[in-house]
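# give me a 3D structure for the following:
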Amino acid sequence: MTRVGVVSFWHETNEYSARLAGLQQWADYELLTGEALLAAHAGTSSVVGGMLEALSERAVPVFAAGAWPSGCTPADDMAELLRQLDEALAAAGPLDAVALNLHGATVAVGEPDVEARVAELLRSRVGEVPIAAVLDLHGNPSVELAAQVDAVIAYRTYPHVDMRECGLEAVALIDRMLGGERLATSIAKVPVLSCPLVQGTEHGVLGRLIGEGTARAAELGLARISVLAGFAYQDAERAGISVLVVAPVALRTEAEGLAGELADRVLTADDAGDFRLELPKADEAVTRARHSGRRPVVLADVADNIGAGSAGDGTVILREVLSSGATEALAVIADAEVVAQAWDAGEGAVIDVVLGGKTDALHGEPLPLRAEVVSLSDGVYVSEGSWAAGVRFEMGRTTVLGVAGNTVVVTERATPPFHREQVTSLGIDPARASIIVAKGALAWRAAYGDIAAVTIEVDAPGACPVDPGVLPRLTRPVTVLPPQTPRAGLPTRASASAPTPPSPRAEGEPA
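The predicted model follows:
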C-alpha cells in the first residue's frame, strides 16, 4: 500500500495588520503532528478532512500548522515552525506522495514567500515523489511554488464552501501521478489588486472566469484550472490575480495557452471596472439601515475584515449604530481588556468600559460605554455551517454585554464571522436582531446570508480597505505570462518556470 503524507501549513498574512502571528497564535489555532492531526480533521469538511477521506488507510498524517489571518509571523517563530515540520517529515518515514494544504499568501518577517520555502523543505525530505497542493482562492502563488509542486489547485468558491472537495481533488491528482501520469502546473499572474467584495464566485466576474476556464480545460484535456482572486493586503510582488493550469506534461503548450487567455480576460474585466466599487461611509450606511423598514440589516465592516487579517476591534460602525439610537442591534468585537474587566465584575454587573480601537490607529478611536454583563462564556463552539463544518473554534474568554438595548459580544481573540454558531452558542438568535455588524467582506454570508433582509457593505477605515490603492506599497505586483523558462537554483522539474521580463502591462497602476 502506498504511503501518502498529509501536510497543512496555512496562514493568510495581512502585512498591514499590527496583530502579529507569533508561535502562540499558531498553537492556539492549530499545531498538530501525527495522530493528533488525524483526530482533529477526520470527518470534517476542511481541505485536510477531504484529503484524509480520499486517502483512507493510505494517509500518513504528518503535520498541520495554522493561524487565524493576521499580520506577519516573526522570523524566529517561523524558523521554529519550519523546524517542527522538518522533524515531523523525518519521523514520518519514506512517503510515496504528499497531499499539501497551503494558503498561498503566507509571509514571515524576512521571508516574503513562505509557501515556496515549505515546498522546498518537502522536496528536500521526500525527493521527486508526486506532490499536489490546495490553495485558498485568496492566495498569491509564486512561480517558485509552481516550480516545486506538480499539481497546484485552489478553491473554486468564495465564500469558501468547497474545501473538502478540493482535498478530494488533490488526492485524485496524486493517484493519477502514482499511476504513471506526469502532471505540471503552469502559472500566469496579472497585477490586479481588488477588494474581496468583487471576488464573489456565485454571480461575479471571477465565477464566470472559473466556469469558462473549466469548460475550456475539459475541451483541451487539461486536468484543472484555478483563477485566484489574490490577496491585496500584502506588500509583495506576487500579489494580484493568478491563473493556475494543471495538465499532463504532454499538453504543457495548451496549458500555457489557456493560462494566458484567462489572464487576458482578467485584464479586460479590470479595464471594464469589474474589480472596482464605491460604498457608503458608516454614517450613511447606518442611516440607510435605520430607515430600511426591514430586519435584520447586515452592515458589513469590510475594512475590519477579520478573515483577511484585520484587527477585529474597529469601532467606527458600532459608534454610529449606538449614536443613532438604534436598539436590538448585534455586534461582535475583539477586546481582551474588556473581557477581563467583565469576568472580574461577573454576570449582572454594570461596568464602564473603553471598547475597541486599541490594536492600531487604523480602526477608529476606543469607544467609552456603560454596559451590563449579560453572560460569560469560554468562547468555544463547533461549526455546523458550510465553512469547515464539524471543526472546533475558540474565541477565547467571551462576554455578552448589553448596551442601551443592544447586544455586543466581546471576545479575547479576533474570530471571523464565518459561523452562526459564533453567536448562537452564546444563546443569541441573530435573526431577531435589527442590525448585525459583521466584520467581514463576503464570507460572513456563510453565517448570516440566509437571514439578512438587507445587506449594506460599508466603507469604513481599517487594514482591509475597499480601495487597496490607499495602502502604502514598497513593491510593485508583477506580470507573469507563459511561456516560462526554468529559474536558476530551482530543480529542473517539468513544472519549473519563471517570469520573462515584465511586459508593458506591469507598468500600469494596479487596481
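
# identify the residues contacting the lengthiest helix in the chain?
What stands out as the longest helix in the chain, according to DSSP state H, is helix 252-271. Here helix 252-271 makes contact (Cβ atoms under 8 Å, 6 or more residues apart in numbering) with 184, 186-190, 192, 205, 209, 212-213, 216-217, 220-222, 225, 227, 241, 243-247, 275, 481-484, 494, 505, 511. Where you see a C-beta, it was placed from the backbone N, CA and C, and this is true even at glycine.

# narrow the residues you listed to those in helices?
Members of those lying in helices (criterion: DSSP H): 205, 209, 212, 213, 216, 217, 220.

# could I get these as JSON lines with distance to residue 18?
Formatted as JSON lines, those follow (distance: Cβ to Cβ, whole Å):
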{"residue": "205", "distance to residue 18": "32"}
{"residue": "209", "distance to residue 18": "34"}
{"residue": "212", "distance to residue 18": "40"}
{"residue": "213", "distance to residue 18": "37"}
{"residue": "216", "distance to residue 18": "43"}
{"residue": "217", "distance to residue 18": "41"}
{"residue": "220", "distance to residue 18": "46"}
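
# buried ones among those?
Among the ones in helices among the contacts of helix 252-271, the ones that count as buried by 16 or more other Cβ atoms under 10 Å are 205, 209, 213, 216, 217.

# mind putting those into a markdown table with pLDDT and distance to residue 258?
Converted to a markdown table, these look like this (pLDDT from 0 to 100; distance: Cβ to Cβ, whole Å):
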| residue | pLDDT | distance to residue 258 |
| --- | --- | --- |
| 205 | 95 | 17 |
| 209 | 97 | 11 |
| 213 | 97 | 7 |
| 216 | 97 | 6 |
| 217 | 98 | 6 |
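
# show me what contacts residue 381?
Contact analysis of residue 381 by Cβ under 8 Å, 6+ apart lists 392, 393, 395, 419, 421, 422, 425.

# do you know how far the residue lying closest to it once chain neighbours are set aside is from residue 45?
With sequence-adjacent residues excluded and distances taken as Cβ to Cβ, 6 or more residues apart in numbering, residue 381 is closest to residue 425, at 3.9 Å. Per Cβ to Cβ, to the nearest Å, residue 425 is found 19 Å from residue 45.

# neighbour count: these two, which is higher?
Neighbour count, other Cβ atoms under 10 Å: between residue 425 and residue 45, residue 45 has more, with 22 against 18.

# hang on, that one in a strand?
No. Assigned with DSSP: H, G, I helix; E, B strand; the rest coil, residue 45 falls outside any strand and is coil.

# which residue is nearest the middle of the chain?
By Cα atoms, centre = their mean, the chain has its centre lying nearest to residue 12, at 5.3 Å.

# pretty sure that residue contacts residue 306?
No. Look at residue 12 against residue 306 with Cβ atoms under 8 Å: they stay out of range, at 10.5 Å.

# dump the residue contacts of residue 115.
Residue 115 makes contact with 9, 102, 103, 104, 106, 135, 139, 141, 142, 145, according to Cβ under 8 Å, 6+ apart.

# the fourth one and residue 149 touch, don't they?
By that I understand residue 104. No. Taking contacts as Cβ under 8 Å, residue 104 lies outside contact range of residue 149: 11.1 Å.

# just give me the neighbour total for residue 368.
Neighbour count for residue 368, taken as other Cβ under 10 Å: 9.

# mind telling me what element residue 64 is part of?
Assessed by DSSP states H and E, residue 64 sits inside strand 59-66.

# next one: residue 100
Here residue 100 sits within strand 97-102, counting by DSSP H and E.

# in its sheet, what does that strand sit against?
Within its sheet, strand 97-102 is paired with strand 4-10 (parallel), strand 131-135 (parallel), according to DSSP bridges.

# residues in contact with the first one?
Residues from elsewhere that reach strand 4-10 (Cβ under 8 Å, 6+ apart): 30, 37, 47-48, 51-52, 55, 58-67, 81, 85, 89, 92, 95-103, 106, 114-115, 118, 122, 126, 136, 171, 174.

# and that strand with strand 59-66, angle?
Relative orientation of strand 4-10 and strand 59-66, computed by axes from the mean of the first three to the mean of the last three Cα atoms, to 10 degrees: 10 degrees.

# flag every buried residue along strand 4-10.
Neighbour-count burial for strand 4-10, counted by 16+ other Cβ under 10 Å, picks out 4, 5, 6, 7, 8, 9, 10.

# for those residues, give me CSV that also has distance to residue 333 and pLDDT.
Formatted as CSV, the buried residues of strand 4-10 follow (distance: Cβ to Cβ, whole Å; pLDDT from 0 to 100):
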residue, distance to residue 333, pLDDT
4, 42, 98
5, 40, 98
6, 36, 98
7, 35, 98
8, 29, 98
9, 30, 98
10, 25, 97
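
# next up, the contacts around the residue nearest to the centre of the chain.
Contacts of residue 12 (Cβ under 8 Å, 6+ apart): 69, 103, 105, 106, 136, 138, 231, 307, 308, 309.
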